[in-house]
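[1] build me a model:
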Amino acid sequence: MRGENYYRNIFRILYENFVGLNYLAVVSESESALTRFANSQIHQNVSEKKSTLTMLVTKDNKVVCSTTNDLTINGLKALKARLEAMLENATPLDYQFKLPDLTVAYPVENVDESVKNASAETRAGIFDKILSACGNDVQAFGYIEDEITEICVVSSNGMFLYQAGSKVSFNFVPLKDSASGYVSSCAKGYKDLNLEEKIKRAVEFARMSVNPVEIDPGTYTVILGPEAVADLFTYFVYACTNGYMHELGMSSSVKFLGQKIGPDELNVFDDPYHPDQIPLSFDMCGKKRERIPIIENGVFKNVLYPYGAALRFGKKPTGHTISLENMDYAMAPNLVVAAGSQPLEEMLASTESGIFVNTFHYMNVVDPHEAIFTGMTRHGTFLIEKGKLTKPIKNMRFNIKFFDFAKNLIAISKETETVAGSYFPIVAPYMKVANFNFTSKTA
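    The predicted model follows:
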């Protein structure tokens, strides 16, 4: 970890060497270490330290962007020459561009001591817990990773923002014969991973999944686990909440924004202050990030405007610019699907007949205008009979309209979990829904 003063020095060097250019830059460094295991053996311990500078430069309403890993004086001079050459050949934008307004904030340090002091032995200790839960009949596959990341946003108009944070994540697939379970977790530090309970559940699902039965495609009452809920709402945010696509009329938000789409208990927001999230305090354009409701009391409340889209369409940026290279693309890095009021135990007990889905193998967008998603179940799909998980089911493919899914929600659990997610951690509950459409069997 370099510390704030190192980045203030980078800020000074950029100021001295990029005279005459209007620029916005993101400087970041990550130190990560990973322990990977397969067939119940550790087979890889790796660590990586990576520094990156991404710089956006604007002149005569032209905007260009380039990235380097060479932060020496010579590396910065080469970057400047490259950017100036790119500017000569760039085409002016069709809207008026300006650098973000100056933002001033205190440096943020949110690094957990357990990550600062972590080692390969720390991660091996978690692997030992996994092995103990697996016993002699289940094989363990997955990884444990810890990371410290520093991010600094600077600009030629004097902006300097600094954040340091830590993250621990793990991914675990227990395998018994050809049957599997799955769990992931993410937290600021090791003590917050809630390992034992999650590991035990994943192993139990693997053991329960042996010799699955086939069922016919059709619509069923379904209970989705937090992993599946996280995937579903990630795709909702991706497909339905991008302000750029909304303004072009190419998103289902055109039809549903401002509408009541689900029960009062359905609340989804992007919240860097949530205690179970890994906070991103500002976006890559220096916009301070606040809690933003996306769905509030069942109403589709807001779409997200990254800086480029906000300028283009005369909107206020919402703090969702994740990359200087594509300032029309929005993501919610601290996504929270809020808890409901019903304990999972009651949710199951009240289900006379249905299907439990632990997670999805994949998802894709079939129709962005109607928010139709497709995918397949994986790592623990079971019949629910008289309030109990009974027979394992062969994986099924599904097609759902997200807004029908929201309308058909029956219950949302009191329990939530933080899952690793594909890009950012997501806080999610269990959800019970009617008329979930399975379209076909798998081999």
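[2] for the stretch 201-350 of the chain, which spans come out with low pLDDT?
    Across the stretch 201-350 of the chain, nothing is flagged by pLDDT under 70.
[3] and the helices in it?
    226-240, 243-247, 253-256, 307-313, 344-349 (DSSP state H, counting those that start in this stretch).
[4] so which of those gets nearest residue 375?
    With CB to CB as the measure, helix 226-240 is the member of the helices of the stretch 201-350 of the chain nearest residue 375 (7.6 Å). In short, each C-beta sits where N, CA and C put it, glycine included.
[5] does anything pack onto the closest one? Which helices or strands?
    strand 268-270, strand 335-337, strand 353-367, strand 372-385, helix 402-407, strand 409-419, strand 426-441 (3 or more CB pairs under 8 Å, 6 or more residues apart in numbering; DSSP states H and E).
[6] mind checking the longest helix of this protein?
    Secondary structure of the chain per DSSP state H: the longest helix is helix 73-89.
[7] packing partners for that one?
    Checking 3+ CB pairs under 8 Å, 6+ apart, helix 73-89 ends up next to helix 4-17, strand 41-59, strand 62-68.
[8] out of the ones you listed, deepest packed?
    Stretch with highest mean neighbour count among the helices and strands packed on helix 73-89: strand 62-68 (a mean of 17; mean count of other CB atoms under 10 Å).
[9] got the domain boundaries for this structure?
    4-198, 212-443 (automatic domain parsing).
[10] any idea which of these is most buried?
    domain 212-443 (a mean of 20).
[11] just give the closest residue to residue 162, not the sequence neighbours.
    Excluding its sequence neighbours, the residue lying closest to residue 162 (CB to CB, 6 or more residues apart in numbering) is residue 107, at 4.3 Å.
[12] quick one: the one you found from residue 372, how far?
    44 Å (CB to CB, to the nearest Å).
[13] redo the domains of the chain as JSON lines? Include distance to residue 204.
    As requested, the domains of the chain are exported to JSON lines (distance: least, CB to CB, whole Å):
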{"stretch": "domain 4-198", "distance to residue 204": "7"}
{"stretch": "domain 212-443", "distance to residue 204": "9"}
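[14] quick check: residue 149 touching residue 27?
    No. Counting by CB atoms under 8 Å, residue 149 sits too far from residue 27 to count as a contact (11.6 Å).
[15] quick check: residue 87 vs residue 37, distance?
    Counting by CB to CB, the gap from residue 87 to residue 37 is 49 Å.
[16] go on, residue 215?
    34 Å.
[17] go on, residue 228?
    Taking CB to CB, one finds residue 228 at 24 Å from residue 37.
[18] shouldn't residue 113 be in contact with residue 188?
    No. Using CB under 8 Å, residue 113 makes no contact with residue 188, being 10.4 Å away.
[19] host element of the closest residue to residue 110 other than its chain neighbours?
    Closest residue to residue 110 apart from its sequence neighbours, by CB to CB, 6+ apart: residue 165 at 4.6 Å. If you go by DSSP states H and E, residue 165 is part of strand 160-176.
[20] any idea how far that strand is from the chain center?
    11 Å (CA atoms, centre = their mean, to the nearest Å).
[21] please name the strands paired to the next helix-or-strand element following it in the sheet, noting orientation.
    As assigned by DSSP H and E, the chain's next helix or strand after strand 160-176 is strand 179-180. Applying DSSP bridges, strand 179-180 is found paired with strand 160-176 (antiparallel).
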